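S.K.: The following block contains a protein sequence and its predicted model.
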Amino acid sequence: MDLDKLQNQLSTLRAETTTAIAGVVTMDELRRLESQTTGKTGALGAWMATIKEFPPEQRGQVGKTLNQAKGELTKLFKDAGEKIKAGAAAAEASKASSYDPTLPGIRPPVGSFHPVTLVQLQVEAVFQRLGFLIETGPEMESEHYNFEALNIPKLHPARDMQDTFWLTNGKLLRTHTSPVQVRAMERHGTPLRVIAPGRCFRYETIDASHENTFHQVEGLMIDRNISIANLIAMMKLLLREVFSQELSIRLRPGYFPFVEPGFEMDMSCLICGGGGCATCKQSGWIEILPCGMVHPNVLRAGNIDPHEFTGFAFGLGLTRLAMMKYGVADIRGLNSGDLRALVPAGRISGTTVAEKPPC
Ligand code: FA5
(Lines give C-alpha, C1' and ligand atoms only; values in the text may rest on other atoms or scores of the structure.)
Protein backbone atom coordinates (compact mmCIF):
# COMPACT_ATOMS: atom_id res chain seq x y z
CA MET A 1 0.00 0.00 0.00
CA ASP A 2 1.41 3.39 -0.87
CA LEU A 3 0.30 6.89 0.00
CA ASP A 4 -0.98 7.76 -3.51
CA LYS A 5 -3.22 4.74 -3.61
CA LEU A 6 -4.54 5.61 -0.13
CA GLN A 7 -5.35 9.16 -1.23
CA ASN A 8 -7.19 7.88 -4.33
CA GLN A 9 -9.29 5.52 -2.26
CA LEU A 10 -10.07 8.22 0.26
CA SER A 11 -11.28 10.49 -2.59
CA THR A 12 -13.52 7.72 -3.80
CA LEU A 13 -14.88 7.23 -0.27
CA ARG A 14 -15.59 10.99 0.03
CA ALA A 15 -17.47 11.00 -3.30
CA GLU A 16 -19.50 7.90 -2.44
CA THR A 17 -20.33 9.26 1.00
CA THR A 18 -21.52 12.58 -0.46
CA THR A 19 -23.85 10.70 -2.84
CA ALA A 20 -25.12 8.44 -0.09
CA ILE A 21 -25.82 11.39 2.25
CA ALA A 22 -27.91 13.10 -0.47
CA GLY A 23 -30.34 10.17 -0.39
CA VAL A 24 -30.74 10.15 3.39
CA VAL A 25 -34.00 11.47 4.85
CA THR A 26 -33.98 10.80 8.59
CA MET A 27 -31.43 11.34 11.35
CA ASP A 28 -31.47 7.61 12.12
CA GLU A 29 -30.43 6.76 8.57
CA LEU A 30 -27.71 9.42 8.72
CA ARG A 31 -26.26 8.09 11.98
CA ARG A 32 -26.22 4.57 10.59
CA LEU A 33 -24.33 5.77 7.48
CA GLU A 34 -21.86 7.78 9.58
CA SER A 35 -21.00 4.81 11.72
CA GLN A 36 -20.51 2.65 8.58
CA THR A 37 -18.14 5.31 7.19
CA THR A 38 -16.13 6.88 10.00
CA GLY A 39 -16.82 4.43 12.85
CA LYS A 40 -14.18 2.00 14.17
CA THR A 41 -15.61 -0.86 12.12
CA GLY A 42 -16.47 1.38 9.17
CA ALA A 43 -14.51 2.01 5.94
CA LEU A 44 -12.27 4.70 7.48
CA GLY A 45 -11.69 2.59 10.61
CA ALA A 46 -10.38 -0.18 8.38
CA TRP A 47 -7.90 2.27 6.85
CA MET A 48 -6.76 3.41 10.29
CA ALA A 49 -5.93 -0.21 11.11
CA THR A 50 -3.53 -0.37 8.13
CA ILE A 51 -1.18 2.44 9.35
CA LYS A 52 1.24 -0.07 10.78
CA GLU A 53 1.62 -1.70 7.35
CA PHE A 54 3.22 1.46 5.98
CA PRO A 55 6.99 2.03 6.25
CA PRO A 56 7.79 3.89 9.51
CA GLU A 57 8.87 7.08 7.69
CA GLN A 58 5.43 7.29 5.94
CA ARG A 59 3.23 6.51 8.96
CA GLY A 60 3.12 10.15 10.14
CA GLN A 61 1.90 11.30 6.72
CA VAL A 62 -0.61 8.42 6.48
CA GLY A 63 -2.02 9.26 9.91
CA LYS A 64 -2.32 12.93 8.96
CA THR A 65 -4.08 12.04 5.68
CA LEU A 66 -6.50 9.70 7.39
CA ASN A 67 -7.28 12.24 10.15
CA GLN A 68 -7.89 14.95 7.55
CA ALA A 69 -10.25 12.63 5.64
CA LYS A 70 -12.06 11.80 8.89
CA GLY A 71 -12.46 15.52 9.63
CA GLU A 72 -13.91 16.17 6.15
CA LEU A 73 -16.31 13.24 6.35
CA THR A 74 -17.40 14.22 9.88
CA LYS A 75 -18.18 17.73 8.62
CA LEU A 76 -20.22 16.29 5.74
CA PHE A 77 -22.32 14.32 8.25
CA LYS A 78 -22.65 17.31 10.61
CA ASP A 79 -23.91 19.60 7.81
CA ALA A 80 -26.31 16.94 6.57
CA GLY A 81 -27.62 16.43 10.13
CA GLU A 82 -28.32 20.14 10.51
CA LYS A 83 -30.16 20.20 7.19
CA ILE A 84 -32.37 17.28 8.16
CA LYS A 85 -33.20 18.87 11.55
CA ALA A 86 -34.02 22.23 9.95
CA GLY A 87 -36.32 20.54 7.38
CA ALA A 88 -38.18 18.65 10.11
CA ALA A 89 -38.64 21.85 12.15
CA ALA A 90 -39.97 23.74 9.09
CA ALA A 91 -42.43 20.95 8.30
CA GLU A 92 -43.64 20.99 11.91
CA ALA A 93 -44.03 24.78 11.82
CA SER A 94 -45.99 24.77 8.57
CA LYS A 95 -48.23 22.00 9.92
CA ALA A 96 -48.97 24.14 12.97
CA SER A 97 -49.59 27.32 11.00
CA SER A 98 -52.10 25.64 8.61
CA TYR A 99 -54.55 25.24 11.51
CA ASP A 100 -56.01 28.51 12.76
CA PRO A 101 -58.61 27.81 15.42
CA THR A 102 -59.85 31.41 15.27
CA LEU A 103 -61.05 31.13 11.65
CA PRO A 104 -64.86 30.91 11.30
CA GLY A 105 -66.05 27.41 10.39
CA ILE A 106 -67.40 26.47 6.98
CA ARG A 107 -71.16 26.47 7.14
CA PRO A 108 -72.68 23.27 5.80
CA PRO A 109 -75.12 24.09 3.01
CA VAL A 110 -78.67 23.86 4.28
CA GLY A 111 -82.00 24.88 2.84
CA SER A 112 -84.19 27.75 3.91
CA PHE A 113 -87.82 27.87 4.88
CA HIS A 114 -90.38 28.31 2.11
CA PRO A 115 -91.64 31.93 2.00
CA VAL A 116 -95.15 30.74 2.89
CA THR A 117 -93.76 28.94 5.95
CA LEU A 118 -91.87 32.08 6.95
CA VAL A 119 -94.98 34.28 6.97
CA GLN A 120 -97.00 31.52 8.57
CA LEU A 121 -94.53 31.37 11.48
CA GLN A 122 -94.71 35.12 11.75
CA VAL A 123 -98.52 35.20 11.76
CA GLU A 124 -98.58 32.40 14.34
CA ALA A 125 -96.17 34.32 16.58
CA VAL A 126 -98.34 37.45 16.42
CA PHE A 127 -101.51 35.58 17.39
CA GLN A 128 -99.84 33.40 20.01
CA ARG A 129 -98.76 36.58 21.77
CA LEU A 130 -102.45 37.57 21.80
CA GLY A 131 -103.45 34.28 23.43
CA PHE A 132 -104.74 32.47 20.32
CA LEU A 133 -104.55 28.67 20.02
CA ILE A 134 -103.20 27.13 16.82
CA GLU A 135 -105.55 24.50 15.39
CA THR A 136 -105.37 22.27 12.36
CA GLY A 137 -108.14 20.58 10.43
CA PRO A 138 -108.23 17.83 7.82
CA GLU A 139 -107.45 18.67 4.21
CA MET A 140 -109.91 15.97 3.14
CA GLU A 141 -113.02 17.50 4.65
CA SER A 142 -116.70 16.64 4.94
CA GLU A 143 -119.37 18.61 3.13
CA HIS A 144 -120.84 19.38 6.55
CA TYR A 145 -117.87 21.33 7.91
CA ASN A 146 -116.79 22.86 4.58
CA PHE A 147 -120.28 24.11 3.65
CA GLU A 148 -123.35 23.21 5.70
CA ALA A 149 -122.07 24.16 9.16
CA LEU A 150 -120.93 27.43 7.58
CA ASN A 151 -124.47 28.36 6.57
CA ILE A 152 -124.01 27.16 2.99
CA PRO A 153 -126.68 24.49 2.50
CA LYS A 154 -126.85 22.17 -0.51
CA LEU A 155 -127.80 23.98 -3.73
CA HIS A 156 -126.92 27.37 -2.15
CA PRO A 157 -125.47 29.58 -4.91
CA ALA A 158 -122.52 30.51 -2.62
CA ARG A 159 -121.10 27.04 -3.28
CA ASP A 160 -120.27 28.28 -6.77
CA MET A 161 -117.87 30.85 -5.25
CA GLN A 162 -115.44 28.05 -4.47
CA ASP A 163 -115.03 25.51 -7.28
CA THR A 164 -114.54 22.28 -5.44
CA PHE A 165 -112.51 19.10 -5.93
CA TRP A 166 -114.96 16.37 -4.96
CA LEU A 167 -113.62 12.97 -3.98
CA THR A 168 -115.10 9.61 -4.84
CA ASN A 169 -115.68 8.86 -1.13
CA GLY A 170 -118.20 11.72 -0.88
CA LYS A 171 -115.72 14.02 0.83
CA LEU A 172 -113.91 16.99 -0.72
CA LEU A 173 -110.57 18.78 -0.59
CA ARG A 174 -111.34 21.72 1.68
CA THR A 175 -111.82 24.89 -0.31
CA HIS A 176 -110.89 27.14 2.62
CA THR A 177 -109.71 26.92 6.22
CA SER A 178 -113.14 28.04 7.50
CA PRO A 179 -114.25 24.45 8.32
CA VAL A 180 -111.90 24.65 11.31
CA GLN A 181 -114.23 27.33 12.77
CA VAL A 182 -117.00 24.93 13.78
CA ARG A 183 -114.53 22.14 14.59
CA ALA A 184 -112.79 24.50 17.05
CA MET A 185 -116.11 25.66 18.56
CA GLU A 186 -117.08 22.02 19.15
CA ARG A 187 -113.73 21.16 20.63
CA HIS A 188 -113.02 24.18 22.84
CA GLY A 189 -116.36 25.97 23.46
CA THR A 190 -116.26 29.59 24.61
CA PRO A 191 -114.50 31.95 25.04
CA LEU A 192 -112.44 31.06 22.00
CA ARG A 193 -109.40 32.54 20.28
CA VAL A 194 -107.99 30.33 17.59
CA ILE A 195 -106.11 30.49 14.31
CA ALA A 196 -105.85 27.64 11.82
CA PRO A 197 -103.22 27.80 9.10
CA GLY A 198 -103.39 25.28 6.29
CA ARG A 199 -103.64 24.30 2.65
CA CYS A 200 -106.77 24.82 0.60
CA PHE A 201 -107.71 23.52 -2.82
CA ARG A 202 -109.89 24.96 -5.56
CA TYR A 203 -110.60 23.93 -9.12
CA GLU A 204 -109.37 27.33 -10.33
CA THR A 205 -107.99 28.72 -13.54
CA ILE A 206 -104.39 29.48 -12.61
CA ASP A 207 -102.98 32.96 -13.15
CA ALA A 208 -100.50 35.32 -11.47
CA SER A 209 -102.54 35.46 -8.24
CA HIS A 210 -104.59 32.23 -8.31
CA GLU A 211 -103.35 28.69 -7.69
CA ASN A 212 -105.35 25.50 -7.28
CA THR A 213 -103.41 24.81 -4.06
CA PHE A 214 -102.77 27.71 -1.73
CA HIS A 215 -102.56 28.56 1.96
CA GLN A 216 -104.89 30.46 4.24
CA VAL A 217 -104.95 31.21 7.94
CA GLU A 218 -108.37 31.11 9.51
CA GLY A 219 -108.90 33.29 12.57
CA LEU A 220 -111.76 33.15 15.03
CA MET A 221 -112.43 35.05 18.24
CA ILE A 222 -115.62 34.46 20.20
CA ASP A 223 -116.51 36.03 23.50
CA ARG A 224 -119.08 38.38 25.01
CA ASN A 225 -119.23 41.82 23.38
CA ILE A 226 -116.82 41.19 20.49
CA SER A 227 -117.38 43.91 17.90
CA ILE A 228 -116.30 45.01 14.43
CA ALA A 229 -113.91 47.47 16.10
CA ASN A 230 -112.04 44.49 17.65
CA LEU A 231 -111.91 42.82 14.25
CA ILE A 232 -110.49 45.86 12.45
CA ALA A 233 -107.94 46.55 15.20
CA MET A 234 -106.73 42.95 15.07
CA MET A 235 -106.41 42.91 11.27
CA LYS A 236 -104.47 46.16 11.25
CA LEU A 237 -102.17 44.89 13.98
CA LEU A 238 -101.51 41.70 12.03
CA LEU A 239 -100.52 43.52 8.81
CA ARG A 240 -98.40 46.03 10.73
CA GLU A 241 -96.50 43.23 12.50
CA VAL A 242 -95.94 41.18 9.35
CA PHE A 243 -94.78 44.09 7.19
CA SER A 244 -93.16 46.16 9.98
CA GLN A 245 -94.84 49.28 8.58
CA GLU A 246 -98.25 50.93 8.40
CA LEU A 247 -99.83 49.81 5.10
CA SER A 248 -102.61 51.35 3.03
CA ILE A 249 -105.64 49.13 3.51
CA ARG A 250 -109.25 49.42 2.47
CA LEU A 251 -112.36 47.78 3.81
CA ARG A 252 -115.30 47.11 1.56
CA PRO A 253 -118.47 45.09 1.98
CA GLY A 254 -118.02 41.42 1.10
CA TYR A 255 -120.47 38.57 1.02
CA PHE A 256 -119.73 35.30 2.78
CA PRO A 257 -122.70 33.27 4.08
CA PHE A 258 -120.85 32.51 7.34
CA VAL A 259 -120.39 36.13 8.44
CA GLU A 260 -122.77 39.04 8.83
CA PRO A 261 -121.73 41.73 8.15
CA GLY A 262 -118.89 40.58 5.91
CA PHE A 263 -115.93 42.57 4.59
CA GLU A 264 -113.08 42.33 2.17
CA MET A 265 -109.90 43.88 3.48
CA ASP A 266 -107.47 44.72 0.70
CA MET A 267 -103.91 45.93 1.01
CA SER A 268 -102.09 48.18 -1.40
CA CYS A 269 -100.16 46.01 -3.91
CA LEU A 270 -96.52 46.03 -2.89
CA ILE A 271 -95.39 44.58 -6.22
CA CYS A 272 -96.32 47.74 -8.14
CA GLY A 273 -96.66 50.16 -5.20
CA GLY A 274 -100.36 50.56 -5.97
CA GLY A 275 -99.87 51.67 -9.57
CA GLY A 276 -101.41 48.53 -11.11
CA CYS A 277 -99.79 45.31 -12.40
CA ALA A 278 -100.65 41.74 -13.44
CA THR A 279 -100.50 40.54 -9.82
CA CYS A 280 -103.23 42.96 -8.66
CA LYS A 281 -105.05 42.81 -11.98
CA GLN A 282 -104.20 46.49 -12.59
CA SER A 283 -106.30 47.57 -9.56
CA GLY A 284 -103.43 48.55 -7.25
CA TRP A 285 -105.06 46.48 -4.46
CA ILE A 286 -104.60 42.88 -3.33
CA GLU A 287 -107.50 41.01 -1.81
CA ILE A 288 -105.95 39.44 1.24
CA LEU A 289 -108.15 39.44 4.30
CA PRO A 290 -111.83 38.66 3.97
CA CYS A 291 -113.50 38.83 7.35
CA GLY A 292 -116.67 39.59 9.27
CA MET A 293 -118.80 38.93 12.33
CA VAL A 294 -119.61 35.24 12.76
CA HIS A 295 -123.14 34.47 11.52
CA PRO A 296 -125.54 33.31 14.29
CA ASN A 297 -126.23 30.10 12.33
CA VAL A 298 -122.53 29.21 12.45
CA LEU A 299 -122.41 29.82 16.21
CA ARG A 300 -125.42 27.55 16.57
CA ALA A 301 -123.73 24.87 14.44
CA GLY A 302 -120.85 25.03 16.95
CA ASN A 303 -123.26 24.74 19.93
CA ILE A 304 -122.75 28.38 20.95
CA ASP A 305 -125.65 30.63 21.93
CA PRO A 306 -125.62 33.67 19.59
CA HIS A 307 -127.64 35.68 22.12
CA GLU A 308 -124.82 35.42 24.62
CA PHE A 309 -121.73 35.38 22.42
CA THR A 310 -120.54 37.19 19.36
CA GLY A 311 -117.34 36.78 17.42
CA PHE A 312 -115.32 37.73 14.40
CA ALA A 313 -113.66 35.51 11.83
CA PHE A 314 -111.19 36.08 9.04
CA GLY A 315 -109.59 34.03 6.27
CA LEU A 316 -106.15 35.44 5.56
CA GLY A 317 -104.72 34.61 2.12
CA LEU A 318 -101.34 33.40 3.35
CA THR A 319 -99.85 32.64 -0.06
CA ARG A 320 -100.69 36.14 -1.29
CA LEU A 321 -99.28 37.59 1.93
CA ALA A 322 -95.99 35.75 1.23
CA MET A 323 -96.00 37.16 -2.32
CA MET A 324 -96.37 40.70 -1.01
CA LYS A 325 -93.82 40.26 1.74
CA TYR A 326 -91.12 38.73 -0.47
CA GLY A 327 -91.94 40.51 -3.73
CA VAL A 328 -92.99 37.38 -5.63
CA ALA A 329 -94.96 38.74 -8.58
CA ASP A 330 -96.37 35.42 -9.80
CA ILE A 331 -97.94 32.90 -7.42
CA ARG A 332 -96.81 30.02 -9.68
CA GLY A 333 -93.20 30.65 -8.65
CA LEU A 334 -94.05 29.56 -5.11
CA ASN A 335 -95.31 26.10 -6.08
CA SER A 336 -92.91 25.43 -8.93
CA GLY A 337 -89.63 24.99 -7.05
CA ASP A 338 -88.19 28.11 -8.72
CA LEU A 339 -85.41 29.17 -6.33
CA ARG A 340 -85.68 32.82 -7.42
CA ALA A 341 -89.12 32.89 -5.84
CA LEU A 342 -88.47 30.41 -3.06
CA VAL A 343 -85.37 31.87 -1.47
CA PRO A 344 -86.41 35.10 0.12
CA ALA A 345 -84.15 37.99 1.08
CA GLY A 346 -81.75 36.91 3.78
CA ARG A 347 -79.98 34.18 1.89
CA ILE A 348 -76.24 34.67 1.71
CA SER A 349 -74.81 33.98 -1.74
CA GLY A 350 -72.61 30.93 -2.06
CA THR A 351 -73.82 29.12 1.00
CA THR A 352 -77.42 28.80 1.92
CA VAL A 353 -78.23 29.73 5.43
CA ALA A 354 -81.26 28.38 7.20
CA GLU A 355 -83.63 31.27 7.72
CA LYS A 356 -84.27 31.79 11.36
CA PRO A 357 -87.95 31.47 12.11
CA PRO A 358 -89.17 35.03 12.62
CA CYS A 359 -89.84 35.79 16.25
C1 FA5 B 1 -112.66 32.51 1.87
O2 FA5 B 1 -112.03 31.49 1.57
C3 FA5 B 1 -113.33 32.61 3.20
N4 FA5 B 1 -113.37 31.36 3.84
C5 FA5 B 1 -112.62 33.67 4.02
C6 FA5 B 1 -113.37 34.12 5.22
C7 FA5 B 1 -113.12 33.54 6.45
C8 FA5 B 1 -114.28 35.18 5.11
C9 FA5 B 1 -113.79 33.99 7.56
C10 FA5 B 1 -114.93 35.64 6.25
C11 FA5 B 1 -114.70 35.02 7.45
P12 FA5 B 1 -111.97 33.82 -0.27
O13 FA5 B 1 -112.48 32.85 -1.23
O14 FA5 B 1 -112.08 35.24 -0.62
O15 FA5 B 1 -112.61 33.65 1.16
O16 FA5 B 1 -110.44 33.48 0.05
C17 FA5 B 1 -109.75 34.10 1.09
C18 FA5 B 1 -108.36 34.56 0.64
O19 FA5 B 1 -107.66 33.42 0.17
C20 FA5 B 1 -108.39 35.51 -0.54
O21 FA5 B 1 -108.49 36.85 -0.11
C22 FA5 B 1 -107.07 35.26 -1.20
O23 FA5 B 1 -106.06 36.01 -0.55
C24 FA5 B 1 -106.86 33.79 -0.91
N25 FA5 B 1 -107.23 33.00 -2.09
C26 FA5 B 1 -108.45 32.64 -2.49
N27 FA5 B 1 -108.40 31.90 -3.60
C28 FA5 B 1 -107.10 31.79 -3.91
C29 FA5 B 1 -106.36 31.14 -4.96
N30 FA5 B 1 -106.97 30.42 -5.91
N31 FA5 B 1 -105.02 31.24 -4.98
C32 FA5 B 1 -104.39 31.94 -4.01
N33 FA5 B 1 -105.00 32.56 -2.99
C34 FA5 B 1 -106.35 32.50 -2.95
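M.R.: Okay, I see it.

S.K.: can you map out the helices along the chain?
M.R.: 3-22, 27-38, 43-48, 56-97, 115-129, 143-146, 179-188, 228-243, 296-301, 318-326, 332-335, 339-342 (DSSP state H).

S.K.: Could you list every helix and strand in contact with the last one?
M.R.: With contacts defined as 3 or more CB pairs under 8 Å, 6 or more residues apart in numbering; DSSP states H and E, the secondary structure elements packing on helix 339-342 are helix 332-335. Glycine gets a C-beta too; all of them are placed from N, C-alpha and C.

S.K.: at 10 Å instead, please
M.R.: Judged by 3 or more CB pairs under 10 Å, 6 or more residues apart in numbering; DSSP states H and E, the packing partners of helix 339-342 are helix 115-129, helix 318-326, helix 332-335.

S.K.: Dump the helices of the chain into JSON lines; add mean neighbour count as well.
M.R.: Shown next, in JSON lines, are the helices of the chain (neighbours: other CB atoms under 10 Å):
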{"stretch": "helix 3-22", "mean neighbour count": "14"}
{"stretch": "helix 27-38", "mean neighbour count": "16"}
{"stretch": "helix 43-48", "mean neighbour count": "16"}
{"stretch": "helix 56-97", "mean neighbour count": "13"}
{"stretch": "helix 115-129", "mean neighbour count": "19"}
{"stretch": "helix 143-146", "mean neighbour count": "19"}
{"stretch": "helix 179-188", "mean neighbour count": "22"}
{"stretch": "helix 228-243", "mean neighbour count": "17"}
{"stretch": "helix 296-301", "mean neighbour count": "19"}
{"stretch": "helix 318-326", "mean neighbour count": "24"}
{"stretch": "helix 332-335", "mean neighbour count": "18"}
{"stretch": "helix 339-342", "mean neighbour count": "15"}
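
S.K.: Output those in CSV, with mean pLDDT and distance to the ligand appended to each entry.
M.R.: Formatted as CSV, those follow (pLDDT from 0 to 100; distance: least, CB to the nearest ligand atom, whole Å):
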stretch, mean pLDDT, distance to the ligand
helix 3-22, 87, 79
helix 27-38, 90, 77
helix 43-48, 83, 94
helix 56-97, 88, 58
helix 115-129, 94, 11
helix 143-146, 97, 10
helix 179-188, 98, 7
helix 228-243, 91, 10
helix 296-301, 98, 9
helix 318-326, 90, 4
helix 332-335, 88, 9
helix 339-342, 76, 14
